[in-house]
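Asker: no sequence on this one, just coordinates:
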């Protein structure tokens with residue numbers, strides 16, 4: 001259910017699965033929904049009372065499309081401005097320049113090659129680089145052994161995800177432990193729901209890129225969930241043309257990570273057109289106030305800092321990098337966390353910038369302020385973490401590349417980092433392994449230690465992940481069997497006996513149309529916090545098996561797992 005205060009342009013949505021929502025009113029200028037019995041546009045889900053304290057919550061999505069969701073031969077992206085479909089799939093966008101005049105930018109549309117049946121539907125990626133299908137979101141409450149405790153089914157008319165977008169739906173516990181947050185999509189030009197096409201590369205309503213073939217308009221929205229399953233959704237115009245990946249609530253504010261820009265503007269055009277400027281400030285780390293959505297013009301985008309590769313010293317030359325990357329793409333962040341009131345983000349994809357961990361702002365101070373103040377916040381790689389280009393090449397010299405995603409600080413001097421692997425499906429080796437050397441070396445959970453000056457990677461936890469070994473999924477053709485390539489999101493806990501228990505969502509490689517749609521796993525592993533050497537296989541410590549991953553939840557056919565966090569405290573709802 002959605003209500004907008006048009007005068008103040010505040011958008012505040014609430015939902016509860018305790019009962020349908022039917023009565024709507026206004027308190028203090030913000031919309032609210034009262035809980036009472038009555039009709040609801042979707043069948044009532046199973047009763048959800050509350051998350052169980054000291055347990056896990058996992059974000060899951062299910063593909064609900066049918067053969068009719070996509071028709072072979074239809075225009076992709078939907079409503080793409082083809083000159084004359086189907087005979088001419090090209091189009092030309094005219095974009096105003098900041099200094100006056102216009103520039104014409106060519107684009108093209110495509111035609112669907114497969115119908116909407118899973119998993120073949122995602123072979124449409126080959127024709128349409130923007131292809132995606134929206135899907136419902138579920139929050140599964142499980143104990144730490146994976147036993148189910150309950151599921152919160154998020155109404156798809158409230159917010160949805162892009163099913164195969166692997167970098168979405170990270171789940172984070174707020175710093176006060178009162179709520180969970182994740183990002184998704186809210187249609188800005190019609191009803192929100194499952195089976196809508198190409199949502200993940202659409203424009204946001206407040207940042208329209210005329211060169212983007214995906215002309216749909218979807219907010220990149222933040223959903224905040226309290227311990228009793230009540231949901232508040234706040235719309236945002238950030239990440240136009242790409243996706244919002246993660247959000248965490250620190251204090252009373254949201255901090256988000258994501259990427260923007262799906263259009264055809266060149267490096268120079270991004271800097272001399274208004275569309276381009278909007279896109280380059282619609283990315284990276286963003287600041288959002290819960291429940292508030294300022295007018296579309298100017299859009300509610302408050303970018304925090306702006307990392308550029310030229311800020312970093314090239315270890316080969318001892319001088320700043322001279323590479324000129326595509327504007328905004330150095331801030332292509334994926335993971336986000338807050339530790340000791342300090343904001344951190346990670347970058348682990350794309351050929352621009354540096355794949356590494358970054359500190360955003362000063363130690364112990366979360367960024368706040370107006371747009372001008374927030375834009376000056378420094379973003380710097382953590383000392384000791386990689387500073388070589390994500391492209392894997394520095395002036396023609398091949399350089400190592402990591403693929404960091406989620407991160408969890410056990411304390412101020414120890415951080416565990418998920419590396420998702422390079423995502424490359426290799427020709428099966430003699431033993432049937434399909435992972436590449438980078439995933440086999442660094443994919444999994446990396447352990448980094450701070451020595452007072454810089455961070456050093458101690459080892460990589462991989463045993464039991466079976467990286468590169470294909471596994472079967474009931475109902476999935478064997479030719480599409482996925483293999484673990486590393487992990488994406490994670491959380492953990494420090495145990496009284498000096499060990500830590502980590503929970504991670506795996507990444508995959510496969511021959512499917514989009515690896516982001518592969519059924520994956522939630523895994524658990526125990527490590528000794530103070531250990532500086534990799535645990536020996538099967539080694540026991542105070543009754544705990546160390547260093548060996550165990551699967552505690554597996555996605556089924558047409559399912560994916562995305563984020564994991566500890567449940568919010570039921571005694572402290574927002």
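Answerer: Received, thanks. No experiment lies behind these values; they were computed from the predicted model shown.

Asker: okay, CA-based contacts and neighbour counts for the rest of this
Answerer: OK.

Asker: Contacts made by stretch 143-153 with the rest, please.
Answerer: The contact list for stretch 143-153 (Cα atoms under 8 Å, 6 or more residues apart in numbering) reads 17, 45, 48, 51-52, 55-56, 136-142, 229, 552-553.

Asker: Make a ChimeraX selection of the buried ones in these.
Answerer: Only the buried entries of the contacts of stretch 143-153 go into this ChimeraX selection, using 16 or more other Cα atoms under 10 Å:
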select :17,48,51,52,55,56,136,137,138,139,140,141,142,229,552,553
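
Asker: which one is residue 205 nearest to, not counting chain neighbours?
Answerer: residue 217 (5.1 Å; Cα to Cα, 6 or more residues apart in numbering).

Asker: Check what pLDDT that neighbour gets.
Answerer: We have a pLDDT of 95 for residue 217.

Asker: so what's it up against?
Answerer: 187-189, 199, 202-205.

Asker: and of those residues, the nearest to residue 502?
Answerer: residue 199 (32.3 Å; Cα to Cα).

Asker: what's the spacing between the closest one and residue 57?
Answerer: 25 Å (Cα to Cα, to the nearest Å).

Asker: So these two - more neighbours on which side?
Answerer: residue 199 (33 against 30; other Cα atoms under 10 Å).

Asker: could you list every residue that touches residue 118?
Answerer: So residue 118 contacts 63, 65-66, 558 (Cα under 8 Å, 6+ apart).

Asker: what residue ranges in the protein score low on pLDDT?
Answerer: 1-46, 293-300, 537-539, 541-544, 571-574 (pLDDT under 70).

Asker: what are the phi and psi angles of the residue nearest to the spatial centre of it?
Answerer: By Cα atoms, centre = their mean, the mean C-alpha position of the chain lies nearest to residue 245, the distance being 2.3 Å. Per-residue torsions, residue 245: phi -100, psi -40 (degrees, to the nearest 10).

Asker: rewinding a little: okay, and the beta partners of the residue nearest to residue 205?
Answerer: Taking DSSP bridges as the rule, residue 217 bridges to residue 203.

Asker: and the spatially closest residue to residue 506 that is not a sequence neighbour, helix, strand or coil?
Answerer: In this structure, residue 506 finds its nearest non-sequential neighbour in residue 487, 4.0 Å apart by Cα to Cα, 6+ apart. For residue 487, the assignment made with DSSP: H, G, I helix; E, B strand; the rest coil gives strand.

Asker: what residues go with each domain of the chain?
Answerer: 48-55+402-574, 306-396 (automatic domain parsing).

Asker: Just put those in JSON lines and tack on distance to residue 99.
Answerer: Output for the domains of the chain, formatted as JSON lines (distance: least, Cα to Cα, whole Å):
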{"stretch": "domain 48-55+402-574", "distance to residue 99": "39"}
{"stretch": "domain 306-396", "distance to residue 99": "18"}
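
Asker: the helices in this structure, which residues?
Answerer: 267-272, 274-280, 371-375, 437-442 (DSSP state H).

Asker: Out of those helices, which is closest to residue 70?
Answerer: Of the helices of the chain, nearest to residue 70 by Cα to Cα is helix 274-280, at 29.3 Å.

Asker: what comes into contact with the closest one?
Answerer: 95-98, 207-210, 239-240, 260-261, 265, 269-271, 327-328.

Asker: same check, this time on stretch 511-519
Answerer: 119-126, 163-166, 425, 473, 479-482, 508-510, 554-561.

Asker: quick one: buried residues of it?
Answerer: Across stretch 511-519, burial judged by 16+ other Cα under 10 Å covers 512-519.

Asker: how close does residue 253 sit to residue 379?
Answerer: 19 Å.

Asker: on that earlier part again, nearest approach to residue 104 belongs to which of the domains of the chain?
Answerer: domain 306-396 (18.9 Å).

Asker: thinking again about what came up before, spatially nearest residue to the residue nearest to the centre of the chain, not counting backbone neighbours?
Answerer: residue 168 (4.4 Å).

Asker: Could you do residue 403 as well?
Answerer: residue 348 (4.2 Å).

Asker: Residue 465 too?
Answerer: residue 549 (6.0 Å).

Asker: looking at it, the one you found is touching residue 462, isn't it?
Answerer: Yes: with contacts counted by Cα atoms under 8 Å, residue 549 reaches residue 462, the gap being 7.3 Å.

Asker: Okay, residue 353 and residue 256: tell me how far apart.
Answerer: 19 Å.

Asker: can you check residue 68 too?
Answerer: Counting by Cα to Cα - residue 68 and residue 256 are separated by 35 Å.

Asker: More neighbours: the two, which one.
Answerer: Legend: neighbour count by other Cα under 10 Å for residue 68 and residue 256, higher for residue 256 (31 against 11).

Asker: which residues touch the closest residue to that one other than its chain neighbours?
Answerer: Leaving aside its chain neighbours, residue 256 sits nearest to residue 247 (4.2 Å; criterion: Cα to Cα, 6+ apart). Residues in contact with residue 247 (Cα under 8 Å, 6+ apart) are 170-172, 181-183, 222, 254-257, 336.

Asker: Among these, name the ones in strands.
Answerer: Members of those lying in strands (criterion: DSSP state E): 172, 181-183, 222, 254-257, 336.

Asker: before we move on, the earlier item: can you count the residues close to the residue nearest to residue 403?
Answerer: Using other Cα under 10 Å as the criterion, the residues surrounding residue 348 number 26.

Asker: Quick check, it in contact with residue 402.
Answerer: Yes: contact status for residue 348 versus residue 402: in contact at 7.0 Å, counting by Cα under 8 Å.

Asker: what is in contact with those two at once?
Answerer: With Cα under 8 Å, 6+ apart, residue 348 and residue 402 have common neighbours 355-356.

Asker: so how far is stretch 257-276 off the chain centroid?
Answerer: 20 Å (Cα atoms, centre = their mean, to the nearest Å).

Asker: Now it: buried residues?
Answerer: 257-265, 269-276.

Asker: Now render the ones in strands among the contacts of residue 247 as JSON lines, adding distance to residue 84.
Answerer: Below are the ones in strands among the contacts of residue 247 laid out as JSON lines (distance: Cα to Cα, whole Å):
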{"residue": "172", "distance to residue 84": "46"}
{"residue": "181", "distance to residue 84": "43"}
{"residue": "182", "distance to residue 84": "40"}
{"residue": "183", "distance to residue 84": "36"}
{"residue": "222", "distance to residue 84": "38"}
{"residue": "254", "distance to residue 84": "43"}
{"residue": "255", "distance to residue 84": "43"}
{"residue": "256", "distance to residue 84": "39"}
{"residue": "257", "distance to residue 84": "38"}
{"residue": "336", "distance to residue 84": "43"}
